[in-house]
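Chemist: Build the 3D model from these lines:
(one chain, ligands or ions: 1)
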Amino acid sequence: MTTNALIGGWGMYAPSRIMTNDELSTFVDTSDEWIRTRTGIRERRIAADDETATTLAVHAARDALAVAGLDPGELDLVIVGTCTPDYPLPATAVLVATELGATRASGFDLQAACSGFLYALASGHSFIRSGMYRNVMVIGVEVLSRFLDWTDRSTCVLFGDGAGAVLLQASDAPGGLLGFDLFSDGTGCEGIIMPAGGSARPASHATVDAHQHAIRMLGSEVYKYATRQMGESAMAAVRNAGLTVDDVDQFVFHQANLRIINNVQKQLNIPAEKTYVNIEKYGNTSAASVPMALVEAVAAGRIHQGDKVLMVAFGAGYTAGAALMEWTADPTRAFLAPGEQTRSGQPRRALEEASA
Ligand code: UT7
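Modeler: The predicted structure is shown next:
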């Protein structure tokens, strides 16, 4: 019998500090009008000084465990997709597992930039399908605010911080993850890059002075590539699942630019109501963007039991990923009364906000 990987729990976390476009325009030469019309972003969340990729990820993962009713001690593996880990080493996933109390879980980080969550999901799925593990926590998390050049208006207005998590569980029941497409093309290396801090250009006073530890992007080149590749990856994942785009009930695209999402919608001939968008609240949260949008789409009643959901992302590398799944969980499992505590003792802030 085939073992399927079903989503048994889900959670997200967004730092409470909101930075609006108007606030940005007080210290960099931009405007709310430019940012909104070019990207769809109105505001983004910024991690507090004492928050890190680990703390954000732990909030999201605790909620995912609470929704599933799973004890952290039953986790087999934690995979964290991130390009903004706490440290170059050790891996953030190891710190997250320990903080969760996942005493017998192994953990590793995976770096595929904005596509990281989908690569992590494909990895978690494979561990379950192979029979090696039964409970895998898959997290996309970023603290991009620490890796921005806040004097560069072409990048600093675009990004934000956040985390999203799903718990994959082995099951003999049908559904769960049905088809994937993973793509990469290193000729796009300069398209989105953090130029220094790696072995090619180690950190030095000169690299710090030149802001080379911050993200640089060739915006319009990335825009064109992303628009084409997200459409292609979406089609490939649907094909690999033996389905067509018309079979998909809800699309969750990487939230990098509303114009890219609208463009891909047109290419695939998707009605707007089938696409969940939250870029206006969070900006581009890279690897966290797809799981945060997924969790909010569930909270907003956009995803029902039995629905086919297609997630698609594109990012630095270039990389792209797409995953088609059949949603099997009862979405209302995640709704708690305001103020009610999850099993882990964490108030379910993000979901309360999302469903308000
Ligand atoms: O998550 C990974 C994937 N990332 C993406 O998919 C991002 C893809 N790229 C984009 O979303 C868009 O290219 C941007 C939003 C980054 C830029 O939009 P654009 O329409 O491609 O603008 P542009 O870069 O061609 O710049 C147009 C003008 C320029 O001025 P001039 O040269 O025409 O006078 C820029 O200097 O807009 C100017 N500009 C700004 N003006 C006000 C660039 N950034 C800003 C800003 N505020 N923040």
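
Chemist: Now for the residue in the stretch 101-250 of the chain that the ligand sits nearest to: which residues touch it?
Modeler: Ranked by C-beta to the nearest ligand atom, the top residue of the stretch 101-250 of the chain for proximity to the ligand is G219, at 3.0 Å. C-beta here means a position set from N, CA and C on the backbone, and glycine is covered the same way. For G219, the residues meeting the contact criterion (C-beta atoms under 8 Å, 6 or more residues apart in numbering) are S154.

Chemist: Stretch 232-252 spans what distance, first to last residue?
Modeler: 15 Å (C-alpha to C-alpha, to the nearest Å).

Chemist: and it, average pLDDT?
Modeler: If you average the pLDDT over stretch 232-252, you get 98.

Chemist: buried ones in it?
Modeler: Within stretch 232-252, the residues scored as buried using 16 or more other C-beta atoms under 10 Å are 232-238, 241, 243, 245, 248, 250-252.

Chemist: quick one: stretch 230-241 near the ligand?
Modeler: No: Stretch 230-241 does not reach the ligand (C-beta under 6 Å from any ligand atom); its nearest approach is 8.7 Å.

Chemist: Give me the contacts around that stretch.
Modeler: With C-beta under 8 Å, 6+ apart, stretch 230-241 has contacts from 178-181, 183, 244-245, 247-248, 251, 253-254, 260, 264, 267-268, 310, 312-314, 320-324.

Chemist: Check those residues one by one and keep those near the ligand.
Modeler: Within the set of these, contact with the ligand (C-beta under 6 Å from any ligand atom) is found for 260, 314.

Chemist: Which of the contacts of stretch 230-241 fall in helices?
Modeler: Judged by DSSP state H, the contacts of stretch 230-241 include 260, 264, 267-268 as members of helices.

Chemist: In JSON lines, list the residues you listed along with neighbour count and pLDDT.
Modeler: Putting the ones in helices among the contacts of stretch 230-241 into JSON lines (neighbours: other C-beta atoms under 10 Å; pLDDT from 0 to 100) gives the following:
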{"residue": "I260", "neighbour count": "23", "pLDDT": "98"}
{"residue": "V264", "neighbour count": "25", "pLDDT": "98"}
{"residue": "Q267", "neighbour count": "16", "pLDDT": "97"}
{"residue": "L268", "neighbour count": "20", "pLDDT": "97"}
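
Chemist: now Q229: how far from F147?
Modeler: Distance from Q229 to F147, counting by C-beta to C-beta, to the nearest Å: 23 Å.

Chemist: who's more crowded, those two?
Modeler: Q229 (21 against 17; other C-beta atoms under 10 Å).

Chemist: which residue packs closest to that one, ignoring adjacent ones?
Modeler: A320 (4.7 Å; C-beta to C-beta, 6 or more residues apart in numbering).

Chemist: number of nearby residues for the one you found?
Modeler: Residues contacting A320 under the criterion other C-beta under 10 Å number 30.

Chemist: again with V94
Modeler: Neighbour count of V94, defined by other C-beta under 10 Å: 18.

Chemist: Please renumber the chain so that the first residue is 834 from this point on.
Modeler: With 834 as the first residue, the last one maps to V927.

Chemist: Leaving out chain neighbours, which residue sits closest to it?
Modeler: The spatial neighbour of V927 that comes closest, neighbours along the chain excluded (C-beta to C-beta, 6+ apart), is G940 at 4.6 Å.

Chemist: Name whatever forms a beta bridge with that neighbour.
Modeler: On the basis of DSSP bridges, G940 is bridged to V911.

Chemist: got a list of what it touches?
Modeler: Taking C-beta under 8 Å, 6+ apart, we find G940 in contact with 910-913, 924, 926-927, 929-930.

Chemist: mind listing what the residue nearest to Q1062 touches?
Modeler: Contact analysis of A1153 by C-beta under 8 Å, 6+ apart lists 948, 1014-1017, 1059, 1062-1063, 1065-1066, 1145-1147.

Chemist: again, but for L1101
Modeler: Applying C-beta under 8 Å, 6+ apart, we find L1101 in contact with 1064, 1067-1068, 1078, 1084.

Chemist: one more time with 7 Å
Modeler: The contact partners of L1101, taken as C-beta atoms under 7 Å, 6 or more residues apart in numbering, are 1064, 1067, 1078.
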